[in-house]
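okay, sequence plus prediction incoming.
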Amino acid sequence: MQTEQFKKNPVDFVAEQSGSYAFALGIDLNGLKSVEIYKWFLAALLYGARISEKIATHTWQAFKKHHVMSPRQVISAGWDGLVALLDEGGYTRYDFKTATKLLAVNQSLLSDYDGNLNQLHAAASDARDLERRIMASGKGVGKVTTQIFLREMRGRWRHAKPALSPLAWHAAEVMGYLAKHVENDARALEQLQIIWSNTNQAANKFPDFEAALVRYGLHLRHQDKRATQSITV
């Protein structure tokens, strides 16, 4: 498949939609530094709730402003301090539950992996075990949060192989990157990676393409909701 058949060249599409969520937050995952990976993990914990992307981003920025960017800093903030940070970011609907989850998850990371997510990855035997270990880090860390986190570690961690997001899949179909009859998400992901490789982009930049598709997928979903509301009214 040639890029000329697409509605937009993948590189131009990424430039239009913006790249990875981690990059947008100022996080550099390329060097695989533990401190940077943790920053993204904290963001994924916030993005994983049923709350708007904007609120989750504002909340992560509140944590950054108050220098709560490591497992030990989260523990030191305490439950009341975490609730205050979550409220500052607008995360009020889930503040109590999320504060409790953050304390449990970070205590688990410190106890099991010395707070280093690279150690967690090194301990995993394969992709499935990696996902299991992440979800075992605390109650409330489910498949959605795990996939959000691992999506941007794809091409960086050997075992980071999450399923393609349905949002990205739908957006890829709308943009012409995928045909409607692709049989499963593994095949869809493989085709998208080939398309990205054909634009002479590095494999560790594929998360930029995937994130751009997720963003556009969210846009399409919001459009569908507005259309449904209009019909209802």
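Right, received. Where do you want to start?

only C-alpha atoms from now on, for both contacts and neighbour counts.
Will do.

unless I'm mixing things up, E36 is touching G26, no?
No: using C-alpha atoms under 8 Å, E36 makes no contact with G26, being 9.5 Å away.

between those two, which one's more packed in?
E36 (19 against 11; other C-alpha atoms under 10 Å).

okay, the more buried one: pLDDT?
Model confidence at E36, given as pLDDT, is 98.

how near is it to A22?
With distances defined as C-alpha to C-alpha, to the nearest Å, the gap from E36 to A22 amounts to 9 Å.

repeat for I51
Relative to A22, I51 is positioned 18 Å away (C-alpha to C-alpha).

rewinding a little: need the residues touching each of E36 and A22.
Taking C-alpha atoms under 8 Å, 6 or more residues apart in numbering as the contact criterion, the residues that touch both E36 and A22 are D28, L29.

go ahead and flag the most central residue of the protein.
Within the chain, one residue has its C-alpha closest to the average C-alpha position: by C-alpha atoms, centre = their mean, that is I148, at 2.8 Å.

contacts only, for it.
Shown in contact with I148 (C-alpha under 8 Å, 6+ apart): A44, Y47, G48.

element containing it, please.
The secondary structure element spanning I148 is helix 143-151 (assigned by DSSP states H and E).

which of the contacts of I148 has the most neighbours?
Neighbour tally across the contacts of I148 (other C-alpha under 10 Å): the maximum, 25 neighbours, falls on A44.

who's in contact with the closest residue to that one other than its chain neighbours?
On the basis of C-alpha to C-alpha, 6 or more residues apart in numbering, the spatially nearest residue to A44 that is not a chain neighbour turns out to be F149, at 5.3 Å. Under the criterion of C-alpha under 8 Å, 6+ apart, the contact partners of F149 comprise W40, F41, A44.

turn those residues into CSV, columns for pLDDT.
CSV is the format used below for those (pLDDT from 0 to 100):
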residue, pLDDT
W40, 98
F41, 98
A44, 97
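
what's the neighbour count on M153?
Neighbouring residues of M153 were enumerated by other C-alpha under 10 Å; the total is 24.
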